[in-house]
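Visitor: Build me a structure from this.
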Amino acid sequence: MVMITQRNKPTVISAATVVLVVIAVVILSASLYTVDETEQAVVTQFGKPVRVIINPIEGSRKEEVVERLRAEYAKEGISVAEGAGLRFKAPFVQAVRRFERRLLRWNGYREEIPTKDLKYIWVDSTARWYIEDPLLFFETVGTEEQAHGRLDEIINPNTRNSITKRDLIEIVRTDNRDMQVEAEELRETAEVAEVKEGRPKIVAEITAASRERCAAYGISIHESGVLIKGLMYREDVKENVELRMIEERLRIAMKYTSEGEGKFEEIMGNKEREVKTILSLAYKEAKEIEGVADANATKIYAQAFSKDPEFYKFWKTLELYEEAIGSDKTKLILGTDNPLFELMKGNLVETGAKPSQKGATE
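Guide: As a prediction, the model looks like this:
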């Protein structure tokens, strides 16, 4: 037997104290837990839920959700606490499962869907969701990864069902507002059928159907609803649309080119007409000036040469020589007795003219 002496007694007491303190700390840490502002929690005892800490997101439905959850949990004999903070639980026999309180993002997979008018399009949708009922979520889903799988099974089929029973125009347009076109010539290609519902109503239908099924898993879709973030034509349809757009642009280009050529011809015709008019007026004015000048010249010549007819004849004969035989290309075959050569013969006086008195005397 080991004998505990008086000397060893303080050591044993201090060791026991340390052990007790450690046990107390372990028990206390096992009894305390915190719920963050971004979390909700379910406390289980041997796997069975006994308490739920709800922390609903802010919104117009917050009070309604809190009252409904309290009533449902009370029917099952489960206590309810609300909000974040430090809380207690039975150590070792109770466990805490925490769940996200914030909005989460779901992105659907890109899917090819035919419309009612047999236009194949690729649809890409998304949604924001959150855990509204943490207890139901814990019992039916358990993890966020499985929740995304449930959303895939719910939202994608609802999206497909809503699109396949409507024409393409209902999906791509929101209302019947006039479409803005770059050129008036494109307006006929922008003419579309009347929109009876539009994308907002289709999205609202998808959201309502999805929200109803998600409620069975404690999941709720945010007020913004399911959003269609991408619509694309199938490749063969896309090529046809692009070819049609190219043809329309070429048609408009040819129209502009034809109009430009017509305008060019019109401008050139106007120019030619104006040039001819200007030249005609200038020619008329020149001839009028020339006529006045000739009249004045004739008058001056008449006044000048009336005083000396012989000089006038002499002058006109010289002009005739210059005009008739002064050119290198002019050839005349005339006899020497031709009156044209009288000047060359020295006959300055007309034939048959009476000689002057002085000449007769000599």
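Visitor: can you pull out the strands in this protein?
Guide: Chain-ordered strands for the chain, with DSSP state E as the definition, fall at 32-35, 39-45, 48-54, 79-82, 85-88, 94-100, 104-107, 111-114, 120-131, 219-221, 227-233.
Visitor: If we go by neighbour counts, what in the fourth one is buried?
Guide: Going back to what we said before, that points to strand 79-82. By 16 or more other Cβ atoms under 10 Å, the buried positions in strand 79-82 come out as Val80. For glycine as for every other residue, the C-beta is placed from the backbone atoms N, C-alpha and C.
Visitor: Give me the nearest residue to Thr174, chain neighbours excluded.
Guide: Nearest residue to Thr174 in three dimensions, chain neighbours excluded: Gly198, at 4.6 Å (Cβ to Cβ, 6 or more residues apart in numbering).
Visitor: I'd like the domain boundaries of this protein, if you could list them.
Guide: Following automatic domain parsing, the chain resolves into domains at 16-100, 104-233, 235-306, 308-361.
Visitor: you'd agree the residue nearest to Thr174 is up against Arg177?
Guide: No: checked against Cβ atoms under 8 Å, the pair Gly198 and Arg177 is beyond contact range at 10.4 Å.
Visitor: between the two, who's got more neighbours?
Guide: A count of neighbours by other Cβ atoms under 10 Å puts Gly198 above the other of Gly198 and Arg177, at 17 against 8.
Visitor: Could you measure from that one over to Ala95?
Guide: Per Cβ to Cβ, to the nearest Å, Gly198 is found 50 Å from Ala95.
Visitor: most tightly surrounded among the domains of the chain?
Guide: Most buried of these, by mean neighbour count (mean count of other Cβ atoms under 10 Å): domain 104-233, with a mean of 16.
Visitor: Show me the shaky parts of the chain.
Guide: Scanning the chain for pLDDT under 70 picks out 1-10, 12, 179-192, 237, 321, 324-332, 334-362.
Visitor: which ones are touching Ile57?
Guide: Contacts for Ile57 (Cβ atoms under 8 Å, 6 or more residues apart in numbering) come out as Arg101, Arg102, Leu103, Tyr130.
Visitor: The same query, at a cut-off of 10 Å, please.
Guide: Gln40, Val65, Arg101, Arg102, Leu103, Tyr130, Ile131, Glu132, Ser220, His222 (Cβ atoms under 10 Å, 6 or more residues apart in numbering).
Visitor: what do you get for Asp133?
Guide: Asp133 makes contacts with 40, 52, 54, 56, 65, 68-69, 72-73, 139-140, 215-220, as judged by Cβ under 10 Å, 6+ apart.
Visitor: quick one, phi/psi of it?
Guide: Main-chain torsions, Asp133, degrees, to the nearest 10: phi -120, psi 100.
Visitor: picking up where we left off before, possible to save the strands of the chain as CSV with distance to Phe314?
Guide: Below are these laid out as CSV (distance: least, Cβ to Cβ, whole Å):
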stretch, distance to Phe314
strand 32-35, 139
strand 39-45, 135
strand 48-54, 138
strand 79-82, 139
strand 85-88, 141
strand 94-100, 130
strand 104-107, 117
strand 111-114, 112
strand 120-131, 107
strand 219-221, 123
strand 227-233, 102
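Visitor: Of the ones you listed, give the one that comes closest to Thr164.
Guide: Nearest of these to Thr164, taken as Cβ to Cβ: strand 111-114 at 6.1 Å.
Visitor: same for that closest one, what does it pack against?
Guide: For strand 111-114, the packing partners by 3 or more Cβ pairs under 10 Å, 6 or more residues apart in numbering; DSSP states H and E come out as strand 120-131, helix 144-164.
Visitor: Direction included, what does it pair against?
Guide: Here strand 111-114 has these sheet partners by DSSP bridges: strand 120-131 (antiparallel).
Visitor: Run the angle between the strand it pairs with and strand 94-100 for me.
Guide: 140 degrees (axes from the mean of the first three to the mean of the last three Cα atoms, to 10 degrees).
Visitor: what's the angle between strand 120-131 and helix 144-164?
Guide: If you take the same axes, to 10 degrees, strand 120-131 sits at 140 degrees to helix 144-164.
Visitor: Please, where are all the helices along this protein?
Guide: Along the chain, the stretches classed as helices by DSSP state H are 9-31, 62-75, 134-140, 144-164, 168-172, 187-190, 199-214, 235-305, 309-324, 342-345, 357-361.
Visitor: is it possible to export those helices to CSV including distance to Lys119?
Guide: Shown next, in CSV, are these (distance: least, Cβ to Cβ, whole Å):
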stretch, distance to Lys119
helix 9-31, 62
helix 62-75, 41
helix 134-140, 38
helix 144-164, 10
helix 168-172, 4
helix 187-190, 16
helix 199-214, 15
helix 235-305, 6
helix 309-324, 91
helix 342-345, 105
helix 357-361, 122
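Visitor: Give me the distance between stretch 302-309 and the centre of its chain.
Guide: 92 Å (Cα atoms, centre = their mean, to the nearest Å).
Visitor: right, I mislabeled it, should have said stretch 52-68
Guide: Taking mean C-alpha positions (Cα atoms, centre = their mean), stretch 52-68 and its chain are 42 Å apart.
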